[in-house]
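J.: could you look at this predicted model? Sequence included:
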Amino acid sequence: MLSYKTCALALCVLLTGCSLFEKKEDPKPVPMPPPEVTQAWLDEYEPLVREAIKDSNFEMERRENLLVVTAPVKGNFNPDRPGMLLPVTLGPITRVAKVMEKDSKVGVLVLGHADSSGALDTNRSLSLERARAFTAIFRLSGLKQDRLMVKGMGPDMPRAANDSANGRELNRRVEILLTRQDTLQALIAKYSTPDPAPAAATAVAAAEKPADKPAEKPAAKATAKPAAKAVAKAPAKAKPKAAAKPAAKPAAKAVAKTADKSADKSTTKLADAKKVVAADQAK
């Protein structure tokens, strides 16, 4: 009886160990259909979508086997309420949704994008909120849930560099990806895979920054101290000059005495002159 229990326990331990060391297979990527599969669909729908977004600030481009409609945040969302669509935006979105709703084989993926300024979590949340504002119009137009997907990408897929106001404005946008429904799952898998490039760039930038700071600080301190000492010593040398002030007073007195003497002489001469004149008149 004991031997059976021992064997059973040993077997359980062995199976557990095997399961721990068993390699888990990574999920296989969903293959994108070949471009020629959807060429006829693209040729049919491209002019319809262009007509739907006419007279708006939406842009459309053709990428392999899908159509991409890009709506910039500026001019389409309320500046005071960043997740709220402006009334002018409802028309073109509704027209695009109506075109897509007629074909049950069409799938729609809406991606919200943000720039890199501010907190990452805030940007992701805001980009998702803006994308959902678009999908709400598609649902109201009759597009079913299984044909409509939404994702907030945050700053992960910039169109331009974020180091200028124009670049950040281009990155704040909503993209509507229109394609056949059998391509939609492949698109979702593609945009759900994180892109390691931005993270690597951030790591390199972070590694470079600390190297610059230690070199700058000692140089600044070494330069500042001699300058401060030189400034402090300068007033000490200038103090003996103050002794020259008392010497000015005797000079002033001497000038005053000279002026008094000159005045006395002038007065005496004037008196003598008057006497002479009086004497002449008496004559």
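T.: Looks like it came in fine.
J.: so where's the protein uncertain?
T.: 1-37, 192-283 (pLDDT under 70).
J.: now the strands: where do they sit in it?
T.: Applying DSSP state E to the chain gives strands spanning 59-63, 66-72, 106-113, 148-154, 173-180.
J.: and the shortest one, what other elements does it pack with?
T.: Packing contacts for strand 59-63, counted by 3 or more C-beta pairs under 8 Å, 6 or more residues apart in numbering; DSSP states H and E, involve helix 39-52, strand 66-72. No exception for glycine: its C-beta is placed from N, CA and C like everyone else's.
J.: next: the third one.
T.: Judged by 3+ C-beta pairs under 8 Å, 6+ apart, strand 106-113 is in contact with helix 120-140, strand 148-154, strand 173-180, helix 181-192.
J.: distance of the residue lying closest to Met84 once chain neighbours are set aside from Val88?
T.: Leaving out its chain neighbours, the residue that sits closest to Met84 by C-beta to C-beta, 6 or more residues apart in numbering is Asn78, at 4.3 Å. Asn78 is 11 Å from Val88, where distance means C-beta to C-beta, to the nearest Å.
J.: show me the protein divided up by domain.
T.: 35-198, 249-282 (automatic domain parsing).
J.: give me whichever of those is most buried.
T.: Highest mean neighbour count among those (mean count of other C-beta atoms under 10 Å): domain 35-198, with a mean of 17.
J.: contacting residues for the residue nearest to Met84?
T.: 84-86 (C-beta atoms under 8 Å, 6 or more residues apart in numbering).
J.: closest to Asp146 among those?
T.: Leu85 (24.0 Å; C-beta to C-beta).
J.: now the closest one: how far from Arg139?
T.: For Leu85, the distance to Arg139 - C-beta to C-beta - is 14 Å.
J.: could you do His113 as well?
T.: For His113, the distance to Arg139 - C-beta to C-beta - is 21 Å.
J.: please list all residues in contact with Leu67.
T.: So Leu67 contacts 42, 45-46, 49, 60-61, 177-179 (C-beta under 8 Å, 6+ apart).
J.: how about the contacts of Asn78 in a markdown table, adding distance to Lys102?
T.: A markdown table is the format used below for the contacts of Asn78 (distance: C-beta to C-beta, whole Å):
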| residue | distance to Lys102 |
| --- | --- |
| Met84 | 28 |
| Leu85 | 23 |
| Leu86 | 26 |
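J.: quick one: which of the helices and strands packed on strand 59-63 is nearest Val106?
T.: Short answer: helix 39-52, nearest of these by C-beta to C-beta, at 7.9 Å.
J.: and the contacts of the closest one?
T.: Residues contacting helix 39-52 (C-beta under 8 Å, 6+ apart): 60, 62, 65-67, 69, 92, 95-96, 98-99, 105-106, 178, 180.
J.: got the angle between that helix and strand 66-72?
T.: Helix 39-52 and strand 66-72 meet at an angle of 20 degrees, taking axes from the mean of the first three to the mean of the last three C-alpha atoms, to 10 degrees as the criterion.
J.: okay, angle between helix 39-52 and strand 173-180 too, please.
T.: Counting by the same axes, to 10 degrees, helix 39-52 lies at 140 degrees to strand 173-180.
J.: what's the nearest residue to Pro158 if we skip its chain neighbours?
T.: Asn171 (4.6 Å).
J.: many thanks, we can stop here.
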